[in-house]
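[1] sharing a sequence plus its predicted fold:
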Amino acid sequence: MIAKRFPCIWGKANPGWAILLVIAFVEMMYCFNYHEDRWDSVIRNCKLSPEHAGEGLVIQWNGLGYYAWLRSLLIDGDWDFDNEFDEHNPHHYYVPPPQYRTPIDRRANQWSVGPACFWAVTVVPGHLFLESFGAYLGPWAPDGYSLPYQLLLGATSLFSSFLGLGFIYGICRTEARPIRAAWATALLTLGTTIFYYNAIEVSLPHGVGTTALAACVWYWLKTHGSIHLRRWFLVGFLVGAASLVRWQLATYAILPAAELLLGRHYSFRGSLLRASLAFVGGFFSFLPQMIAWRCVYGAYLLSPVQGVQYHWLHPSLWTILCSEDRSLFYWTPLTLVACLGTAGLLFRGKVCHKASGKLSPSATGEPIRILAVAFLLQVYVLASMWGQGPLLASTGNFGGVFLARSYGLRDLTESLVLLAPGLAWLLETAPTRRYRMLAGFGFLLAVWNLMLVSLYATNSIPQVTGADPEQLFWKTWESIRNSPSCLLEALTAPLLIAAASLLAPEDSLERSEK
């Protein structure tokens, strides 16, 4: 049933599955290795009682705030975060201080509730099981933070990343044949921050957010131009779901809005009805966040991050795109290749999809133009928040967002899925020799990113500042010299993907598709 309904992702004749399985396997291995090393180097040295062993293994840094929404409601039956932030933070990560109170005198929680909603799918049944049968399984306390909860959260986030791979592949299939679409998916995942937040810091929302936005973009692309009312409700619901995970993703409401404004075949009444349905869908999926804000802050809509200022006339575009402090193009240069592919896709004519001989859903150019504008809007909004304003005494920063501890420009991680069609088109339209050169170049960029992931995860390069090219080069060289296995580990994924590609040679695919 699923294969028939969504043939671009599943299907017996689809060879892209082998490459997707390789990516999923590599993510799983990196995730296991990272948390095994963390257990040996950090958790073992933390003096906790046996029933609390494992606390902090997976849930760390800002993940404490995201998970607190679920833990507080599940264990304490409230949204009072004093005990979560003060009693369950053995590694002393940043949490809102005790004096940071809301207007209704609750401990503030400035992070979104969306990831907690997703984690609840496994954590809640796991908690009930541990309460009932925990005495037969081990010494772990059913307190929401012991080892079983850490593993459940990590497994749920990891499974989410596997779903995300399928949706990114579906987006790429609108522009490319199976093998090249799978290669585009692999390069975009392995060569950007998506991989780090899919496999390493899984208690942060970026992996779940990437999946949510990829599902939204894939469905919007596949059904673009549809007049069915159910479709508009679902598009709105998916935009709201992405916003529930990361509030800044609300800008992607521009996808259905622009489609309505540019759609010539919609009457005014029909447009109003479809816009209303999309709004209702978004409202229902975003409702958990509004309820959470009302219970903790006393209002249904607000800006919970204290001190953020917007500098619309002076956006920090250079800082987030090209600076040496972990900017998008500098830290993950594959994103520049994907942007160039998107630019090329914008100016191409109406061409037939090689896999089917028919116009692709984006062949008219309108959906791609909307995606490009939506991505630029997200970049502009983020750059405007990055602006340097006056020092705020209440927060100790300059009235804008900043990276702090971050692998790459993590705030644009989810938005990278909008570049997938451009990267897929770049690989699809390249002749065989150029395709091999592009794939090889992407191969090198993916290996470079995987090397940086290993260096960052082991604190071999600064985690709260950028690094100039010379530092990155020598740190990488030193790492390879001291431990050649790290280079072999980074090479494993691209080599396995190349081997998987040989399972279905392109020339045989072309003959079967004819």
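    Ah, there it is. Residues are numbered from 1 along each chain as shown.
[2] for the stretch 201-350 of the chain, what spans make up the helices?
    With helices called from DSSP state H, counting those that start in this stretch, the stretch 201-350 of the chain shows them at 206-222, 229-245, 254-262, 268-297, 317-321, 328-331, 334-346.
[3] now render these as TSV, adding mean neighbour count and mean pLDDT.
    (Each C-beta comes from the backbone N, C-alpha and C, glycine too.) What follows is the helices of the stretch 201-350 of the chain, written out as TSV (neighbours: other C-beta atoms under 10 Å; pLDDT from 0 to 100):
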stretch	mean neighbour count	mean pLDDT
helix 206-222	26	98
helix 229-245	23	98
helix 254-262	18	95
helix 268-297	17	96
helix 317-321	17	94
helix 328-331	21	97
helix 334-346	20	96
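[4] need the ones you listed in JSON lines with distance to L371, can you?
    Formatted as JSON lines, those follow (distance: least, C-beta to C-beta, whole Å):
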{"stretch": "helix 206-222", "distance to L371": "7"}
{"stretch": "helix 229-245", "distance to L371": "13"}
{"stretch": "helix 254-262", "distance to L371": "8"}
{"stretch": "helix 268-297", "distance to L371": "17"}
{"stretch": "helix 317-321", "distance to L371": "18"}
{"stretch": "helix 328-331", "distance to L371": "17"}
{"stretch": "helix 334-346", "distance to L371": "8"}
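[5] for Y219, see how far away the nearest residue to G270 once chain neighbours are set aside is.
    Distance criterion C-beta to C-beta, 6 or more residues apart in numbering; nearest residue to G270, sequence neighbours excluded, is I227 at 7.3 Å. In this view, I227 and Y219 are 15 Å apart by C-beta to C-beta, to the nearest Å.
[6] let me see the contact set for the residue nearest the centre of the chain.
    By C-alpha atoms, centre = their mean, the mean C-alpha position of the chain lies nearest to T210, the distance being 2.8 Å. Contact analysis of T210 by C-beta atoms under 8 Å, 6 or more residues apart in numbering lists 161, 164, 194, 197-198, 413-414, 416-417.
[7] which ChimeraX command selects the buried ones in those?
    Applying 16 or more other C-beta atoms under 10 Å to the contacts of T210, the buried members can be selected in ChimeraX as follows:
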select :161,164,194,197,198,413,414,416,417
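[8] so where's the chain uncertain?
    Applying pLDDT under 70 to the chain flags residues 1-14, 265, 349-364, 387-400, 503-514.
[9] where do the helices sit along the stretch 401-514 of the chain?
    Using DSSP H, counting those that start in this stretch, helices in the stretch 401-514 of the chain cover 420-429, 432-457, 469-482, 485-501, 506-513.
[10] now do the buried residues in the fourth one.
    By 16+ other C-beta under 10 Å, the buried positions in helix 485-501 come out as 486-487, 489-490, 492-494, 496-498, 500-501.
[11] who touches that helix?
    Outside helix 485-501, the residues that reach it (C-beta under 8 Å, 6+ apart) are 18-19, 21-23, 25-26, 179, 182-183, 186, 190, 443, 446-447, 450-451, 454, 479-480.
[12] Q248 versus the residue nearest to the centre of the chain, what's the distance?
    13 Å.
[13] one more: E84?
    Distance from E84 to Q248, by C-beta to C-beta: 24 Å.
[14] quick one on the thing from earlier: can you lay out the helices of the stretch 401-514 of the chain as CSV showing distance to S285?
    Below are the helices of the stretch 401-514 of the chain laid out as CSV (distance: least, C-beta to C-beta, whole Å):
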stretch, distance to S285
helix 420-429, 23
helix 432-457, 32
helix 469-482, 40
helix 485-501, 34
helix 506-513, 37
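[15] out of these, deepest packed?
    Highest mean neighbour count of the helices of the stretch 401-514 of the chain: helix 420-429, a mean of 27 (counted as mean count of other C-beta atoms under 10 Å).
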